[in-house]
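Peer 1: Kindly return the folded structure for what I paste below:
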Amino acid sequence: MGLFGFFSKKEKPKQHSSFSISIFKLLGFYPNDESIYANALEHSSVTRHKKAQSNNERLEFLGDSVIDLVVAEWLMVEFKDEQEGILTQLRAKIVNRKNLNHCAFKMGLDLLIHTDGKIILKNTSIPGNCLEAIIGAVYLDFNIMKASEVIRKVILTHLNSEDLIANTTNFKSTLLEWSQQEKNKLEFVISEIIEEDKKLFEAEVVLDGKGIAKAQGKNKKEASQNASKLAFEAMNIS
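Peer 2: Numbering: from 1, shown residues only. Purely as a prediction, here's the structure:
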């Protein structure tokens, strides 16, 4: 066979196992080392009675740290004007077990988790734990960039920044707690205003008799929250 015949010959396509194909359907790429992902999906109930422990708890530990790092970086970019304390609350909202469980079920991870067969996954935090372990596996099998891609796709893509900040942080409650710790007198002065034939509410945050911030809202609660957020920023509270 001549040189040109050698190069024109079609290469035999790589054969992937059924498990490797399952990982591809789950994450969008084939693993280099299947064993890491198999380990990530094996719950401790399977290995509890074995001498050699080979479950996903170590990978869960690693994945938890990787997720925290990637989410923190995303928050730094997405919320450039927020203080550290707010970013911490936002991260806690994103990486809490309830949300990670939701993400795990949404991507179909629950269908691949290996337990002793006696556990009902819906009533546990196992799916969220396995998602952390999978992230740990991607980090070890590839790198931080690949793990970041998965985290953004699975956890961060569907987040709405405005809803996240509104639903995560109770600025008024946090501000009240801060004022109690600092032994300051905090008041909210609420008034009604008419703007373009619409009734709105205006709240002013008054600290030790001094007005700190004002904001409007469609109701008293919203006005107080908006004013509290401005007060946080004005006083640089973390």
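
Peer 1: Show me the helices in the protein, by range?
Peer 2: According to DSSP state H, the chain carries its helices in the segments 3-8, 18-27, 34-40, 44-47, 57-78, 84-95, 97-107, 126-141, 144-151, 161-168, 171-182, 220-235.

Peer 1: Against which helices or strands is the third one packed?
Peer 2: Just to be clear, that refers to helix 34-40. Judged by 3 or more C-beta pairs under 8 Å, 6 or more residues apart in numbering; DSSP states H and E, the packing partners of helix 34-40 are helix 18-27, helix 57-78, helix 126-141. For glycine as for every other residue, the C-beta is placed from the backbone atoms N, C-alpha and C.

Peer 1: So for it, what gets flagged as buried?
Peer 2: 34, 36-40 (16 or more other C-beta atoms under 10 Å).

Peer 1: Can you report how many residues neighbour L109?
Peer 2: 24 (other C-beta atoms under 10 Å).

Peer 1: Give me the pLDDT for it.
Peer 2: On pLDDT, L109 comes in at 96.

Peer 1: Residue numbering should commence at 569 henceforth.
Peer 2: Sure, I'll start counting at 569 from here, so that last one is L677.

Peer 1: Tell me how far it lies from E700.
Peer 2: From L677 across to E700, the span is 11 Å (C-beta to C-beta, to the nearest Å).

Peer 1: Can you name the residues bridging to K782?
Peer 2: Taking DSSP bridges as the rule, K782 bridges to E772.

Peer 1: That one touches L798, doesn't it?
Peer 2: Yes. The criterion here is C-beta atoms under 8 Å, and K782 meets it with L798 at 7.5 Å.

Peer 1: list the residues that contact both of the two?
Peer 2: V773 (C-beta atoms under 8 Å, 6 or more residues apart in numbering).

Peer 1: possible to save the helices of the chain as CSV with distance to K686?
Peer 2: Output for these, formatted as CSV (distance: least, C-beta to C-beta, whole Å):
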stretch, distance to K686
helix 571-576, 56
helix 586-595, 23
helix 602-608, 20
helix 612-615, 7
helix 625-646, 19
helix 652-663, 28
helix 665-675, 19
helix 694-709, 12
helix 712-719, 30
helix 729-736, 36
helix 739-750, 41
helix 788-803, 45
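
Peer 1: burial count for the closest residue to L744 other than its chain neighbours?
Peer 2: Leaving aside its chain neighbours, L744 sits nearest to L754 (6.2 Å; criterion: C-beta to C-beta, 6 or more residues apart in numbering). Around L754 there are 19 other residues, counting by other C-beta under 10 Å.
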